[in-house]
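Enquirer: The following block contains a protein sequence and its predicted model.
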Amino acid sequence: MSRQPVFMEGWTEFYPFCYMLIAADTALDAARMELPGRNFHYVTAVTFSAFAVEAAVNHVGIDHFPEWMEKLKDGGHERKSWDKKLELLTTKFGMPLDFTTGSAKTVKEAFEVRDKLAHGKTWVGRQCYLDDGHMGDASFPDWLAPCLNESRAKQVIDDARTLIGQLLDKAGYQPHNLYSMGQGSYGETAGPARPAVWKVKGTK
């Protein structure tokens, strides 16, 4: 039985960190199909994992620092690098952070790959190798080649999810928030519905 359309109004929050972790998982699943082009899926998994960590840092930062997204001239959080922002949050919440070991080390290495791709510069390498007929493509940069396998891509995803989970836990979020792509609430209104107003405004 059909009914008349009604105007609905409410609010929605979208959490990019969860979306990008799912994207990383999906890229790894695609790579496991062993079809041509799977190296691109491995790199996608690594870079989206790095994006997810930065998104989680901003998610927590926005909730706990009212000025987080303000582009201040001197010392504004928007001008800080992702690792400096993370250090700020871990200090606030008493979370141990060591970029030389464990999940934080893996994530930092993933960011180095992401940054090299995002700020792409031509790589030139001089190589000498024995061509035994079994060697793969020797033209990949030394910083990219380690990402082109399943075990590394999976490690980066797992460690990114671990680091995000630790941050959310220390900041007082519920465990399920790690797996939530957002939340919202809507109810019937007389209408017409008003345009969406997002939590973070004026950013591009």
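Expert: Perfect, I can see it now.

Enquirer: How about the spatially most central residue of the chain, nearest residue that isn't a chain neighbour?
Expert: The chain has Ala52 as the residue nearest its centroid, 1.3 Å off, counting by Cα atoms, centre = their mean. Closest residue to Ala52 apart from its sequence neighbours, by Cβ to Cβ, 6 or more residues apart in numbering: Met20 at 4.0 Å. For glycine as for every other residue, the C-beta is placed from the backbone atoms N, C-alpha and C.

Enquirer: Look at that neighbour and report its pLDDT.
Expert: Looking at Met20, its pLDDT is 97.

Enquirer: got it, and Tyr15?
Expert: The model's pLDDT for Tyr15 equals 93.

Enquirer: can I assume it is in contact with Tyr179?
Expert: No - Tyr15 is not in contact with Tyr179 according to Cβ atoms under 8 Å; the separation is 9.9 Å.

Enquirer: Between the two, which has more neighbouring residues?
Expert: Ranked by neighbour count (other Cβ atoms under 10 Å), Tyr15 and Tyr179 place Tyr15 first, with 19 against 12.

Enquirer: gap between that one and Trp82?
Expert: For Tyr15, the distance to Trp82 under the criterion Cβ to Cβ, to the nearest Å works out to 17 Å.

Enquirer: so which strand or helix has Gln183?
Expert: Using DSSP states H and E, the secondary-structure element containing Gln183 is strand 182-189.

Enquirer: so where do the helices sit in the protein?
Expert: Using DSSP state H, the helices found in the chain span residues 16-31, 38-64, 82-93, 102-118, 150-170.

Enquirer: show me what contacts the nearest residue to Gln155 once chain neighbours are set aside?
Expert: For Gln155, the nearest residue in space outside its immediate sequence neighbours is Thr106; the separation is 6.0 Å by Cβ to Cβ, 6+ apart. Taking Cβ atoms under 8 Å, 6 or more residues apart in numbering as the contact definition, Thr106 lies against Gln155, Val156, Asp159, Ala160.

Enquirer: if we go to 10 Å?
Expert: Residues in contact with Thr106 (Cβ atoms under 10 Å, 6 or more residues apart in numbering) are Val46, Ser49, Phe99, Arg152, Gln155, Val156, Ile157, Asp158, Asp159, Ala160, Thr162, Leu163.

Enquirer: these two touch, right, the residue nearest to Ala52 and Asn58?
Expert: No - under the criterion of Cβ atoms under 10 Å, Met20 makes no contact with Asn58, lying 11.9 Å away.

Enquirer: how much space is there between the residue nearest to Gln155 and Ser139?
Expert: For Thr106, the distance to Ser139 under the criterion Cβ to Cβ works out to 25 Å.

Enquirer: Likewise for Glu9?
Expert: The span separating Glu9 from Ser139 equals 55 Å under the rule Cβ to Cβ.

Enquirer: and if you look at Tyr179?
Expert: Taken as Cβ to Cβ, the spacing of Tyr179 relative to Ser139 amounts to 39 Å.

Enquirer: go on, Met33?
Expert: Taking Cβ to Cβ as the measure, Met33 falls 24 Å from Ser139.
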